[in-house]
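Chemist: one predicted model, sequence on top.
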Amino acid sequence: MIVAGCDIGSLTAKAVIMKDGKVAATAVMRARTDPGASAREVMDMALGKADLAMENIAYCVGTGYGRKHIPFVKDVESEIACHGKGAVWQVPSVRTVVDIGGQDCKAIKVDGTGAVTRYVYNDKCASGTGRFLEIIADALDIRLEDLGGIAGRSKKKLTLSNQCVVFAETEIISLVSEGAEIPDIVRALHHAVANRAASLVKSIMVESDVVMSGGVARNSGMFAALGDALGVKLQCLEDPQITGALGAALFAQERA
């Protein structure tokens, strides 16, 4: 049986195709302004890798902020449910999932089946989200994907006092003008985002094992900062960025 999951987020679009309970192909791309167009393009990418056509997909579930605009899905699920299910499928011991997305941050508690038992999220402020990282990376003229490596070269601990993106950007520009080293600033940025996310997670009580899902989890500096902020050793997901799409594909597998 062949099923699929499609996750249309604010920054990226992801697709996962599963065949007989195993991942057959995945695809990730930068999201377009039209969620439907993003969905078709990323699914075509995954279908091409699997040498399949859409007619071969028995069931497809959509998720992400653009899930209601995906034209080819038979059902939709929340990102929270999909990240929980996708994380536990990858690491069965997981009980807490932290997803720092492009527009929000989610803390999710799950049981051994991946079912959500409790969750909380923040979508009212950009601090504690991937958007915060993106804005500051632009201000520093650094590629988003390079932040983790740059933070790894930090030799001095700095602290950002402002949680608001606008004021934090101003504070960072002041630090640069004062001669602060870029790696130290980037490390401080990661810890500012991590501390905001950690306060959200702690509000529902941290239960091990803990993983970080979503594209931001690929940032080694952010991954390390969140572990420090929570005071735990985070478990690694093989491909954290596709966790939501994977969870959607697992829901599709159940419903097919």
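Modeler: Yes, it's here. Numbers count the residues shown, from 1 in each chain.
Chemist: least confident secondary structure element in the protein?
Modeler: helix 165-177 (a mean of 81; mean pLDDT, DSSP states H and E).
Chemist: can you spell out which helices and strands pack onto it?
Modeler: Taking 3 or more CB pairs under 8 Å, 6 or more residues apart in numbering; DSSP states H and E as contact, the helices and strands that helix 165-177 lies on are helix 130-139, helix 182-202. All C-beta spots, glycine's among them, are computed from the backbone N, C-alpha and C.
Chemist: weakest of those helices by average pLDDT?
Modeler: Among the helices and strands packed on helix 165-177, helix 130-139 carries the lowest mean pLDDT, a mean of 85.
Chemist: ok, back up a step: mind putting the helices and strands packed on helix 165-177 into TSV with distance to S10 and mean neighbour count?
Modeler: Formatted as TSV, the helices and strands packed on helix 165-177 follow (distance: least, CB to CB, whole Å; neighbours: other CB atoms under 10 Å):
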stretch	distance to S10	mean neighbour count
helix 130-139	8	20
helix 182-202	16	22
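Chemist: including distance to L147, could those go into TSV?
Modeler: TSV is the format used below for those (distance: least, CB to CB, whole Å):
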stretch	distance to L147
helix 130-139	6
helix 182-202	6
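Chemist: ok, which of the ones you listed comes nearest A13?
Modeler: helix 130-139 (14.5 Å; CB to CB).
Chemist: centre of the chain versus the closest one, how much separation?
Modeler: Centroid displacement of helix 130-139 relative to its chain, using CA atoms, centre = their mean, to the nearest Å, is 15 Å.
Chemist: just the CA atoms of it, as CSV, please.
Modeler: Below are the C-alpha coordinates for helix 130-139, written out as CSV (Å, rounded to 0.1, in the frame of the first residue of the first chain):
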residue,chain,number,x,y,z
GLY,A,130,12.2,30.4,13.2
ARG,A,131,11.1,33.8,11.9
PHE,A,132,13.2,35.4,14.7
LEU,A,133,16.3,33.5,13.5
GLU,A,134,15.5,34.5,9.9
ILE,A,135,15.1,38.2,10.7
ILE,A,136,18.4,38.4,12.6
ALA,A,137,20.3,36.3,10.0
ASP,A,138,19.2,38.9,7.4
ALA,A,139,20.3,41.7,9.7
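Chemist: tell me the helices and strands packed up against it.
Modeler: Using 3+ CB pairs under 8 Å, 6+ apart, helix 130-139 is in contact with helix 165-177, helix 182-202.
Chemist: same list (those helices) but as JSON lines, adding distance to D228.
Modeler: Listed next are the helices and strands packed on helix 130-139 as JSON lines, based on distance: least, CB to CB, whole Å:
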{"stretch": "helix 165-177", "distance to D228": "19"}
{"stretch": "helix 182-202", "distance to D228": "7"}
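Chemist: in contact with the residue nearest the centre of the chain, which residues?
Modeler: Nearest residue to the geometric centre of the chain (CA atoms, centre = their mean): G214, 1.7 Å. Residues in contact with G214 (CB atoms under 8 Å, 6 or more residues apart in numbering) are H83, D99, I100, G101, G130, P240, Q241, T243, G244.
Chemist: backbone phi and psi for it, please?
Modeler: Backbone torsions for G214, taken as degrees, to the nearest 10, come to phi 90, psi 170.
Chemist: separation between it and L52?
Modeler: Distance from G214 to L52, counting by CB to CB, to the nearest Å: 26 Å.
Chemist: residues touching stretch 56-75, excluding its own?
Modeler: 1-10, 13-14, 17, 31, 34-36, 38-40, 43, 54, 76-79, 81-82, 103, 244-245, 247-249, 251-253, 255-256.
Chemist: can we see that at 7 Å?
Modeler: With contacts defined as CB atoms under 7 Å, 6 or more residues apart in numbering, stretch 56-75 is touched by 1-10, 35-36, 38-39, 54, 76-79, 82, 244, 248-249, 251-252, 255-256.
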